[in-house]
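# just a sequence and a predicted model for now, questions to come.
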Amino acid sequence: TAASDVLATMTSGSFDSVMHVRSVCDDPATEIRCDDDGAGYPLSELDLTALPAGDYVIVVDSWGSYYYGAYTFNLTITPI
């Protein structure tokens, strides 16, 4: 309901990850940002400053179809 700073971090993972934030889940054209290895290989991180109020989807994906596994994800939302 308010603009917010958003930090999405993979804190552990057993595969090479890529994270995307979108406004529509199944529409890659609505991608706002993506990250590969921002939290250090193989972990991803999205740091979004002043994200406008609304609904968003964070997609945790792999760098290739042969990468998969468990992961831990941390999300911090700070209204501004």
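Sure, I can see it.

# who does the spatially most central residue of the chain bridge with?
In the chain, the centroid-proximal residue (C-alpha atoms, centre = their mean) is residue 19; its distance is 3.9 Å. Judged by DSSP bridges, the bridge partners of residue 19 are residue 35, residue 60.

# right, and it touches residue 10 too?
Yes: Residue 19 is within contact range of residue 10, at 7.0 Å (criterion: C-beta atoms under 8 Å). C-beta coordinates here come from the backbone N, C-alpha and C atoms, glycine included.

# ranges for the strands of the chain?
Assigned by DSSP state E, the strands in the chain fall at 4-13, 17-22, 31-35, 45-51, 57-62, 71-79.

# what does the longest one contact?
Read it as strand 4-13. With contact meaning C-beta atoms under 8 Å, 6 or more residues apart in numbering, strand 4-13 is reached by 17, 19, 21, 39, 42-51, 53, 56, 58, 60, 69-80.
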